[in-house]
Structures are given as C-alpha cells and as structure tokens.
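*Asks:* coordinates only, sequence not included:
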C-alpha cells in the first residue's frame, strides 16, 4: 500500500505538476485516475471476495423486534414487521368457472324428464365405499340423492371429498361378489377429485418482511425482503442495506411455522470497489478526450 501511494504521488509530481499545457495536464490526471481506480477496484474485489460473511438464520414473526442469535457467531437476526399482500390486478376478479358435468340431483331430474344419454359426467361427494378384488364401488351423494359408481379397483379412497366421474349407466346390475343388485349404477373409466372454484385468482401474493441484522448487539443493517408468488412461478426481492464499509444482503427463504428464514450476506468494501470503477471510467474519458492526437484528428 505504501508503494502504491508513493508511485501515484511520484507520478503526480513528475508528470502532472511540470506539465505546461492544460490538455496534457488533464490527460495525465486521467491516467492517474485510472491507476487510482485500479487500486480501489483491486482492494474492493479482494475484500469482497475473501472476507464475505454468509449464514442462514431465522426469527419469529410473532415476537417482532426480538433478536435471535446465530450460533457460534456474533450475529443476530430479528423481524421488525411482517405482512402478506394480495394483488388481484385488473384481471384477478373472475366469474366462477362452470363446474364439470352435472350433479347427482340434476342427473335424476333428467331421467325423470325422460332424457337419457349414453354417457354421463357426474359430480358429487363420496359417502360410502365397498371394495372387491377387482372393483371399487363408490356411493356419490348430492342434494339428497345418491348413486353408486363402479370403477377399476382404487386403493385408499377417502370419503367426504368432491369427485367427478365419467361413465355409462346400467340398470338392474347384479353383483355376485357383493350379493346384491344395483337398481342404477355408473360404470366409470375416470374419477377425479373436484374442487369448486372460488372465482378469485390473485395475480401476486407477496410476503413482505422487514429484517434487522445485528453484530455484537449493534444493528448493522435493516430493510425489506420480499417473496412474491406469481401465477406461474416465484421470485425473491433481496434486502440491501448499503454502508460505507460494507453492504448487508438478506434473502428471505420463506416461513416455517412462525419463523421467517433468511440467508444473510455481509460483503465488505463494496462501495470502495464501485468508487474504483467510477475513477477508472473517469480516467479513461479524460485520457481519451484530452489526448493531443485525438484532438488533432478532429
């Protein structure tokens, strides 16, 4: 470092001060700025690369302001504020989509009206199940009406869920295995759980957390980190608190119960690095535009 300071000051005394022409002096100042910029870039890059501190921590969102220490480090993390923001956008409010097929009560109403189809798509709630070696019999109920549905054996079928089933209707079907005859039964080739739509689809759902980072009991950074869920993916917005001697970055990882998890990075000498970049660019501009050969060519 002493040698660098000596070299820069020596160039100033031997090249800049003796210069009599204004353009040549400014050009030499530009070259000096380039050298000084390289020094700051080198120092900033070395410190930012070799002395970055990174750790994962969590803090309670229900105990705001409480600092949770990080094991075996002088650091701690706290949640200052937490909120969830839902944005429906211009197209968020949508009419409820048409449900698939018809209900069990609508099915019986169509039969009573003399309207019979070759196949049906029916929806209802599973209220009972019977299993045989190859077939699963499911009783679907809706609006006080019930219908049995037969499908290739399905293991672990839950009850009290909404389902939709496609199939063909058969009357007076005897089942020797169950020793009973079904007045009406739907032989289904597909059955799936059905969740009635709400008609509202958020454009984004944002979890917004204000974190505070501490070192040896002293606050060294504070800001807002965000996790944004879009309809087709997720994105994180990193908290950045810039300081003279270093920057604090916090990446919000999500909730686990009442704890907000985050990855914290403390990167030193970032401002010095960018200051070096600015000096370097300024020096290049001065050296180029005040070069006598460049000016003579214009």
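*Replies:* Arrived safely, thanks for sending. Predicted, not measured: the structure shown is a model, and the values here were computed from it. Numbers count the residues shown, from 1 in each chain.
*Asks:* element containing residue 72?
*Replies:* If you go by DSSP states H and E, residue 72 is not part of any helix or strand.
*Asks:* buried residues in stretch 120-129?
*Replies:* Within stretch 120-129, the residues that count as buried by 16 or more other C-beta atoms under 10 Å are 120-126. All C-beta atoms are positioned from the backbone trio N, CA, C, and that covers glycine.
*Asks:* Let me have those in JSON lines, extended by secondary structure, pLDDT and distance to residue 236.
*Replies:* Shown next, in JSON lines, are the buried residues of stretch 120-129 (DSSP: H, G, I helix; E, B strand; the rest coil; pLDDT from 0 to 100; distance: C-beta to C-beta, whole Å):
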{"residue": "120", "secondary structure": "strand", "pLDDT": "92", "distance to residue 236": "47"}
{"residue": "121", "secondary structure": "strand", "pLDDT": "92", "distance to residue 236": "42"}
{"residue": "122", "secondary structure": "strand", "pLDDT": "93", "distance to residue 236": "44"}
{"residue": "123", "secondary structure": "strand", "pLDDT": "91", "distance to residue 236": "39"}
{"residue": "124", "secondary structure": "strand", "pLDDT": "91", "distance to residue 236": "42"}
{"residue": "125", "secondary structure": "strand", "pLDDT": "92", "distance to residue 236": "40"}
{"residue": "126", "secondary structure": "strand", "pLDDT": "93", "distance to residue 236": "40"}
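*Asks:* how about those residues in CSV, adding distance to residue 253?
*Replies:* CSV is the format used below for the buried residues of stretch 120-129 (distance: C-beta to C-beta, whole Å):
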residue, distance to residue 253
120, 48
121, 43
122, 44
123, 39
124, 42
125, 39
126, 38
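*Asks:* Give me the contact list for stretch 60-69.
*Replies:* The contact list for stretch 60-69 (C-beta atoms under 8 Å, 6 or more residues apart in numbering) reads 57-59, 75-82, 209, 212, 214, 255, 258-260.
*Asks:* now that stretch: how far from the chain's centre is it?
*Replies:* Its chain's average C-alpha position is 23 Å from that of stretch 60-69, according to C-alpha atoms, centre = their mean, to the nearest Å.
*Asks:* And that stretch, end to end?
*Replies:* 12 Å (C-alpha to C-alpha, to the nearest Å).
*Asks:* So for that stretch, mean pLDDT?
*Replies:* Averaged over stretch 60-69, pLDDT sits at 90.
*Asks:* which ones are touching the residue lying closest to residue 61 once chain neighbours are set aside?
*Replies:* Nearest residue to residue 61 in three dimensions, chain neighbours excluded: residue 82, at 4.2 Å (C-beta to C-beta, 6 or more residues apart in numbering). By C-beta under 8 Å, 6+ apart, the residues touching residue 82 are 61, 64, 207-210, 260.
*Asks:* Recalculate using a threshold of 7 Å.
*Replies:* Contact partners of residue 82, counting by C-beta atoms under 7 Å, 6 or more residues apart in numbering, are 61, 209, 260.
*Asks:* And it, how far from residue 287?
*Replies:* The gap separating residue 82 from residue 287 is 52 Å, by C-beta to C-beta, to the nearest Å.
*Asks:* sorry, back to before: so which of the contacts of residue 82 are in strands?
*Replies:* Within the contacts of residue 82, residues falling in strands by DSSP state E are 209, 260.
*Asks:* List buried residues within the contacts of stretch 60-69.
*Replies:* Neighbour counting by 16+ other C-beta under 10 Å classes 57-59, 75-79, 82, 209, 212, 214, 255, 259-260 among the contacts of stretch 60-69 as buried.
*Asks:* which one of these is nearest residue 150?
*Replies:* residue 255 (44.0 Å; C-beta to C-beta).
*Asks:* dump the residue contacts of that closest one.
*Replies:* For residue 255, the contact set (C-beta under 7 Å, 6+ apart) is empty.
*Asks:* Okay, and it sits in which element?
*Replies:* strand 246-256.
*Asks:* in its sheet, what does that strand sit against?
*Replies:* Strand 246-256 pairs in its sheet with strand 239-242 (antiparallel), strand 259-268 (antiparallel), by DSSP bridges.
*Asks:* would you turn those strands into TSV with mean pLDDT and distance to residue 32?
*Replies:* Formatted as TSV, the strands paired with strand 246-256 follow (pLDDT from 0 to 100; distance: least, C-beta to C-beta, whole Å):
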stretch	mean pLDDT	distance to residue 32
strand 239-242	93	27
strand 259-268	93	26
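*Asks:* Out of those, which is closest to residue 38?
*Replies:* Across these, closest to residue 38 is strand 259-268 (C-beta to C-beta), at 18.9 Å.
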